[in-house]
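Trainee: Predicted structure and sequence below. I'll ask about it afterward.
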Amino acid sequence: MLRLSQLAVGLLPPSRIFAWVDRPLGRVRRFAADEADWVAWAVEQSARRRGMKAACLVQALAAHAMLRRRGIPSTLCLGVCGSGGSVAAHAWIESQGRMLTGGADAATFTPLTAFGSKA
């Protein structure tokens, strides 16, 4: 899923990617915390593989797609942080009130927008 997310980020315009992320979820399984944790773990482990350069947005898109397939609501959040005249961006996934991917870095970023099921 990470490779597919990389292709999407490299080939598609952001408006198309975020329109896909923002689609309503067909079926919802609210009590699948173990599966959500597994998805976060799987994305993190895959991103660590040798030769895989998965930025936070790619990881967030992959996690969102995997959660969506399982009927688990998630929100893809985008934020920025500025210091010393430079600006950095970060993406992370929140699901059921918890940060699943990118959470360790998210605290230093100011959230700008969120896409996906806000449940």
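Mentor: In hand now; what should we look at?
Trainee: Could you measure from the residue nearest to residue 65 when sequence neighbours are not counted over to residue 107?
Mentor: Nearest-residue entry for residue 65: residue 1, 5.7 Å, with adjacent residues in sequence omitted and distances by CB to CB, 6 or more residues apart in numbering. (Each C-beta comes from the backbone N, C-alpha and C, glycine too.) Residue 1 sits 26 Å away from residue 107 when distances are taken as CB to CB, to the nearest Å.
Trainee: Between those two, tell me which one has more neighbours.
Mentor: When residue 1 is set against residue 107 and neighbours are counted by other CB atoms under 10 Å, the residue ahead is residue 1, at 18 against 10.
Trainee: I'd guessed the more buried one sits against residue 62; true?
Mentor: Yes - under the criterion of CB atoms under 8 Å, residue 1 is in contact with residue 62, at a separation of 4.2 Å.
Trainee: hey, what's in contact with both of the two?
Mentor: Any residue near both residue 1 and residue 62 by CB atoms under 8 Å, 6 or more residues apart in numbering counts here, and that gives 43, 46.
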